[in-house]
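Student: got a predicted model here, sequence first, then my questions.
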Amino acid sequence: MGKFQKLIMVGFIVFQSIGVANNLPDIAKGKTIYQSNCSGCHGMSGDGNGPAANVLSPLPRDFTKGKYLFRTTPSGSLPTDENIHKTIRNGVTRTSMPAWKNILNDQDVSDVTSYIKTFAEKFTIQTPAPEVKLPAVVPEKTDELVQDGQMLYRLMECFSCHGPEGNADGPTSDELVNDWGNPIVPPDFAHDPFKGGSDPIDVYRTFSTGLTGTPMPGYDDDIFGFAREDIVGDYSNLEAVYSENEVKAFDSWARNTITGDELYSKSEEDMYAYFQMRKWALVYYVLDQREKESLIFKLFKKDYELTQ
Ligand code: HEC
Ligand code: HEC
């Protein structure tokens, strides 16, 4: 290595270490930021019970359990720091959690994150599990995917919490509680923006990670590994919620599903791609509920405005 190269190397290392030092989160500063910006809702001790909490729905997060809804890690895992940063910067749609990106800079966000982590002992004894792997390619939406998704929605009993068409009117929709013992209402797919983001890849991620702390489960790719033999048969669960014709439609879909022999003769790679495609079908079905509904809604709104 020549002298000049060595000089550059030294310069680079010094530069890098200054960069890192600047970015080390400062818990004491984080505490000050927290007490002046966050404690009104989240409480001085991080238990979610600040002075404003009793008028808010959903309630502000209680940080003492270390349970975070918005993550790139598997269901039940701690979030990464970057997951928490993102929530603080962008806020949570449909709730009172504000977006702080125009008020706090990146260093503030990292400081306050390090402080809120001190509320939960879990962060001192566990580390976040590796991030869930997402497919690199997002497939195009097709009618076939949407139709498959509708049947998968029935098969996987999403309706029990979300209602037969995702309008939050399922058998258990108004009995659900979160891990803090508070009532929680599922979104109405037709109108409510999704907290975890509404791009196809966001919804895919939310299905994969679940919303830990709420009843919304995480779905591994493996769960999608069923064949015709596993699903044709007793539809009493569907009969309780869907019309006779809808159950019939499900039955004929089920009877056309891939057989176990066909499925397991695929290579492992192809099989997983197949499972993932089923998850995409569900994503596009759920997103389609909004597109369909918003069209009707827009027409209605236009009518409404014209008659005013
Ligand atoms: C006006 C009330 C309010 C203020 C002020 C507020 N929050 Fe929140 N915050 C909420 C609510 C409500 C939720 C719960 C959202 C939900 O359950 O979907 C929440 C959730 C969160 C979450 C949980 C994310 C997850 O993955 O579960 C974090 C982290 C958070 N807030 C950080 C902060 C920080 C840091 C500040 C201050 C800079 C702050 N909040 C200020 C109301 C507030
Ligand atoms: C045990 C009840 C339950 C089941 C089963 C369930 N969900 Fe949920 N789901 C919820 C609740 C509760 C929420 C709302 C969480 C919140 O807003 O904090 C939710 C949220 C969602 C969201 C919105 C996520 C966001 O980013 O805001 C989507 C989309 C969703 N569920 C789809 C599904 C699909 C598809 C299935 C079936 C594969 C399913 N859910 C199964 C209870 C359930």
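Tutor: Yes, it's here. Everything numeric in this text was worked out from a predicted model, so none of it was measured. Residues are numbered from 1 along each chain as shown. Ligands and ions are numbered 1, 2, ... in the order given.
Student: just to check, Q289 is in contact with E165?
Tutor: Yes. Contact criterion Cβ atoms under 8 Å: Q289 and E165 qualify, at 6.7 Å. All C-beta atoms are positioned from the backbone trio N, CA, C, and that covers glycine.
Student: ligand 1 contacts on this protein?
Tutor: Within the chain, the residues that sit near ligand 1 (Cβ under 6 Å from any ligand atom) are 37-38, 40-42, 52, 56, 58, 60-61, 68-70, 84, 87-88, 92, 95-98, 100, 112, 116, 195.
Student: out of Q289 and E165, which sits in the busier spot?
Tutor: Neighbour tally, Q289 and E165, criterion other Cβ atoms under 10 Å: the higher count belongs to Q289, 21 against 18.
Student: where's that one, which helix or strand?
Tutor: Following DSSP states H and E, one finds Q289 within helix 268-307.
Student: average pLDDT for that helix?
Tutor: For helix 268-307, mean pLDDT rounds to 80.
Student: ok, stretch 38-45 next?
Tutor: Averaging pLDDT along stretch 38-45 yields 98.
Student: contacts for that stretch?
Tutor: Residues from elsewhere that reach stretch 38-45, judged by Cβ atoms under 8 Å, 6 or more residues apart in numbering: 34-35, 48-53, 56, 60-64, 96-97, 112, 116, 119.
Student: in ChimeraX, how would I select just the buried ones from those residues?
Tutor: Selection of the buried residues among the contacts of stretch 38-45 in ChimeraX, burial being defined by 16 or more other Cβ atoms under 10 Å:
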select :34,48,49,50,53,60,61,62,63,64,97,112,116,119
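Student: out of the contacts of stretch 38-45, which are inside strands?
Tutor: Taking DSSP state E, every one of the contacts of stretch 38-45 sits outside strands.
Student: in helices, which of the contacts of stretch 38-45 fall?
Tutor: Y34, Q35, V112, I116 (DSSP state H).
Student: shouldn't the last one be in contact with Y34?
Tutor: Yes. Under the criterion of Cβ under 8 Å, I116 is in contact with Y34, at a separation of 6.6 Å.
Student: what distance do you get for the closest residue to ligand 1 within the stretch 151-300 of the chain to D202?
Tutor: Closest residue of the stretch 151-300 of the chain to ligand 1, Cβ to the nearest ligand atom: K195 (5.4 Å). Distance, K195 to D202, by Cβ to Cβ, to the nearest Å: 10 Å.
Student: the more surrounded of these two?
Tutor: More crowded of K195 and D202, by other Cβ under 10 Å: K195, with 22 against 16.
Student: what's the nearest residue to the more buried one if we skip its chain neighbours?
Tutor: Excluding the flanking residues, the one nearest K195 by Cβ to Cβ, 6 or more residues apart in numbering is V92, at 5.4 Å.
Student: kindly state the pLDDT recorded for that neighbour?
Tutor: So, for V92, pLDDT stands at 97.
Student: excluding chain neighbours, what is closest to the residue positioned nearest the centre of the chain?
Tutor: Residue closest to the average C-alpha location in the chain (Cα atoms, centre = their mean): T206, at 2.8 Å. Computed as Cβ to Cβ, 6+ apart, the closest residue to T206 that is not its neighbour in sequence is G196, at 3.9 Å.
Student: need phi/psi at that neighbour.
Tutor: With angles defined as degrees, to the nearest 10, G196 sits at phi -90, psi 10.
Student: next up, the contacts around it.
Tutor: So, once contact is read as Cβ under 8 Å, 6+ apart, G196 ends up touching L69, F70, D202, V203, R205, T206, L211.
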